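S.K.: pasting the sequence and the predicted model now:
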Amino acid sequence: MSETSASELQHAALPQEFYLQGTIEAARRMLNCVLMHETSGGFVAGRITETEAYTQDDPASHAYRGKTARNAAMFGPAGHAYVYFTYGMHFCFNVVTAAEGVADAILIRAVEPIEGLELMSRRRGLAEGEIARLHSSADQKMRERWAFALCGGPGKLCQAFGITRTENGVDVTTPGGLWIAPPRPEFGALQSREICATPRIGIRQAAETPWRFTLKNDPYQSRK
DNA sequence: ATCTCGATAGTCT
DNA sequence: GACTATCGAGATC
């Protein structure tokens, strides 16, 4: 497991301006940034490996048909969370982009777990024996399987990170609570990788628009 | 490896 | 009443 301490990771957060550079560009540059959540239960962190962009004029966006109680956070300021509940059991985490009143957002679909894997495992409902077995394994393939089970999808990572309705609308540009930090050198092996743009997952409208972003050959994705 | 389907509840037509 | 920015189990190839 990583030897990086929580305090080393907690020094910085992407500023609001990051989320105002343009939704597509921000979605690309959010790859390799670090998502963190500090709660009374503990600290978890993960390197962002898969994002999807949604713009207000995009038929696939929740905001396409205008503002409602559900999507109101998308119309708020950039750098705040938009968390929605779907399929009767899953939460999905987005970061709002563009100026207040413009409802663009970026969905975080997968991360590579970095810190707090035991806490993530408990939140995901893994058995204690399974956690111990995975933790003791030095095998890279086993680590990738574990990562997929914890954070290999938007619903899974929300559960692993303890992100629910409570986080809807919160500011993610300030260290502490829920926030996102710039890429870290210790995870730099992947930072210069080529970015892949592919169709977004699980939508009907605008299904061909290639606004899902991943890093070439990065194994930590929601799908191969 | 790829598929089909059920779970489950909030949201919108 | 239909649909969903999902997940996991079970069937099938």
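M.R.: Cool, the structure landed. Numbering: from 1, shown residues only, chains lettered A, B, ... in the order given.
S.K.: so what's the residue most central in space within chain A up against?
M.R.: Against the mean C-alpha coordinate of chain A, by CA atoms, centre = their mean, the closest residue is residue A:108 at 3.3 Å. For residue A:108, the contacting residues are A:30, A:35, A:48, A:50-51, A:93-95, A:154, A:157, by CB atoms under 8 Å, 6 or more residues apart in numbering. All C-beta atoms are positioned from the backbone trio N, CA, C, and that covers glycine.
S.K.: and if you look at residue A:62?
M.R.: Residue A:62 touches A:54, A:70-71, A:74, A:84, counting by CB under 8 Å, 6+ apart.
S.K.: among those residues, which ones lie close to DNA strand B?
M.R.: Among the contacts of residue A:62, proximity to DNA strand B is found for A:70-71 (CB under 7 Å from any atom of the strand).
S.K.: and the helices in chain A?
M.R.: Counting by DSSP state H, chain A has helices at residues A:6-9, A:23-29, A:117-123, A:128-136, A:140-151, A:154-161.
S.K.: and residue A:218, how far from residue A:195?
M.R.: Note on residue A:218: its distance to residue A:195, by CB to CB, to the nearest Å, is 10 Å.
S.K.: my bad, should have said residue A:102
M.R.: Taken as CB to CB, the span from residue A:102 to residue A:195 is 24 Å.
S.K.: can you pick out the residue with more neighbours from those two?
M.R.: Per other CB atoms under 10 Å, whichever of residue A:102 and residue A:195 has more neighbours is residue A:102, with 17 against 14.
S.K.: that one contacts residue A:56, doesn't it?
M.R.: Yes - Residue A:102 lies in contact with residue A:56 (CB atoms under 8 Å); the separation is 5.8 Å.
S.K.: and residue A:42, bridged to which residues?
M.R.: residue A:39 (DSSP bridges).
S.K.: any idea how far it lies from residue A:218?
M.R.: Distance, residue A:42 to residue A:218, using CB to CB: 26 Å.
S.K.: returning to that earlier point: between the contacts of residue A:62, which is nearest DNA strand B?
M.R.: Nearest to DNA strand B among those: residue A:70, at 3.9 Å, using CB to the nearest atom of the strand.
S.K.: distance of the closest one relative to DNA strand C?
M.R.: 10 Å (CB to the nearest atom of the strand, to the nearest Å).
S.K.: okay, now the residue nearest to that residue when sequence neighbours are not counted: neighbour count?
M.R.: Distances taken as CB to CB, 6 or more residues apart in numbering put residue A:84 closest to residue A:70, at 6.4 Å, once the chain neighbours are dropped. Neighbourhood size, residue A:84 [other CB under 10 Å]: 20.
S.K.: please apply the same query to residue A:197.
M.R.: Close neighbours of residue A:197, defined as other CB under 10 Å, add up to 14.
S.K.: that one: what's it in contact with?
M.R.: Listed by CB under 8 Å, 6+ apart, the contact partners of residue A:197 are A:210-213.
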